[in-house]
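In: What shape does this take:
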Amino acid sequence: MLARDRPPAPVPYPGDWQTGRVSSENVTGTDERDTAPQFVLPLVVRIEKAAPPARTDALETAARAVLVMLSDERSTGDGPWARAVRDWEDARIRKVVRRARGAEWRRAALLPGVTVTGEEAEVRVFPPVPLDGWPKELARLQVSGTELDDPAVPPPPAPGGAVLWLNPELRMSAGKEMAQVGHGAQLLWWALDGAARAAWREAGFPLAVRTALPGRWAELVASGRPVVRDAGFTEIAPGSATVVSDFTPAAAPPPARSGPSGAAPAGTSAGAAAWAPTPGAAERPAPPD
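Out: Model prediction:
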């Protein structure tokens, strides 16, 4: 079953697809969405001491997990998770990533949700829960200090899928980056029309997470593609652009080029001519979380 194709909100959002404030943590400030009950999307990444996943693998798996939740038949229509997903989307799209191993992971896996696997990474996503109503099995898990590394430079993104471009000027923990690319995947899902969503889902949500070239970042942010802007509650300054979401199936693969030390490789710019969001999608502001 395809995901519910909700119409764009009738609130104009000038310029490109900026999201105002988006964060993986709680935010401050005044917003009409704050009057609604607040929900959070829990994600748990499995990190065993002896075999942690590669950083990029975990980031890409977290982004796909968000898409799987959004498109799951239980999250749409009259499904058992649909009301919670609607309430979460109508308020702020908070996402919090926690880590688990061993018995912690096994207990978390017993709760309703979906486990998404990457090359080695495993991420379980759960239906949204009230901000102050986490299940005890998840509330006890650690949220801070999640760090992962890439043992080798990831290859250039394959053509025909989405690319979530990370800001090359920011340094975030792996857990926070997982939440940020989850935001980016969600904004892209909202921007695509029904046919594009269906094709993407049927293909298994192919996507890549890479760090943009420093010289291309400003171009990406100004290109009209979905942009995640963080509230700055943790780790980075308020208003920081963290992720630009791109979907250019006609684009050729970028040449292999290494990004800054410790970062995923950067690719070429994302081919503005191939970006085609749903008509009216740019008028829908993403509810910041």
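In: show me where the stretch 51-200 of the chain has strands.
Out: For the stretch 51-200 of the chain, strands defined by DSSP state E, counting those that start in this stretch occupy the ranges 94-100, 114-117, 122-125, 129-130, 162-166.
In: Compare those and give me the one nearest Thr76.
Out: The stretch from the strands of the stretch 51-200 of the chain with the least distance to Thr76 (Cβ to Cβ) is strand 114-117; that distance is 13.6 Å. For the C-beta atoms, the positions are set from N, CA and C on the backbone; glycine is no exception.
In: Can I get the closest one as CSV, trimmed to CA atoms?
Out: Once non-C-alpha atoms are left out, strand 114-117 reads as follows in CSV (Å, rounded to 0.1, in the frame of the first residue of the first chain):
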residue,chain,number,x,y,z
VAL,A,114,10.0,-1.9,12.0
THR,A,115,13.6,-3.0,11.9
VAL,A,116,15.5,-1.7,8.8
THR,A,117,18.8,-3.2,7.9
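In: So what are the sheet partners of it and their directions?
Out: Here strand 114-117 has these sheet partners by DSSP bridges: strand 122-125 (antiparallel).
In: Quick check: mean pLDDT of the strand it pairs with?
Out: Averaging pLDDT along strand 122-125 yields 98.
In: low-confidence ranges in the stretch 51-200 of the chain?
Out: 145 (pLDDT under 70).
In: Which parts of it are helices?
Out: Counting by DSSP state H, counting those that start in this stretch, the stretch 51-200 of the chain has helices at residues 55-71, 82-90, 102-109, 136-139, 174-191, 194-202.
In: So for the residue nearest the centre of the chain, what's the nearest residue that isn't a sequence neighbour?
Out: In the chain, the residue lying closest to the centroid (Cα atoms, centre = their mean) is Gly182, at 1.1 Å. Closest residue in space to Gly182, ignoring its immediate chain neighbours: Val66 at 4.1 Å, by Cβ to Cβ, 6 or more residues apart in numbering.
In: from memory the residue nearest to the centre of the chain sits against Val45, does it?
Out: No - the pair Gly182 / Val45 is not scored as a contact, 11.3 Å apart, by Cβ atoms under 8 Å.
In: Spit out the residues that contact the two alike.
Out: Taking Cβ atoms under 8 Å, 6 or more residues apart in numbering as the criterion, Gly182 and Val45 both touch Ala62, Val97.
In: Which of the helices of the stretch 51-200 of the chain sits closest to Trp217?
Out: Closest approach to Trp217 among these (Cβ to Cβ): helix 174-191, 14.0 Å.
In: Now do Ile223: how many residues are near it, please.
Out: Actually, residue 223 is Ser. It isn't Ile. For Ser223, the count of nearby residues is 19 (other Cβ atoms under 10 Å).
In: Return the per-residue confidence for it.
Out: On pLDDT, Ser223 comes in at 94.
In: do the one 4 residues further on as well
Out: The predicted local distance difference test score for Val227 is 97.
In: and it, bridged to which residues?
Out: As for beta bridges, Val227 partners with Val244 under DSSP bridges.
In: Run a quick neighbour tally on it.
Out: Counted with other Cβ under 10 Å, the neighbours of Val227 add up to 26.
In: next one: Asp72
Out: The burial count for Asp72: 19, using other Cβ under 10 Å.
In: if you skip the residues just before and after it, what's nearest to it?
Out: Per Cβ to Cβ, 6+ apart, closest to Asp72 is Val114, 6.4 Å.
In: Now for the one you found, how many residues are close by?
Out: Look at Val114: counted by other Cβ under 10 Å, it has 16 neighbours.
In: quick one: Trp189 and Arg64, what's the gap?
Out: Taking Cβ to Cβ, to the nearest Å as the measure, Trp189 falls 11 Å from Arg64.
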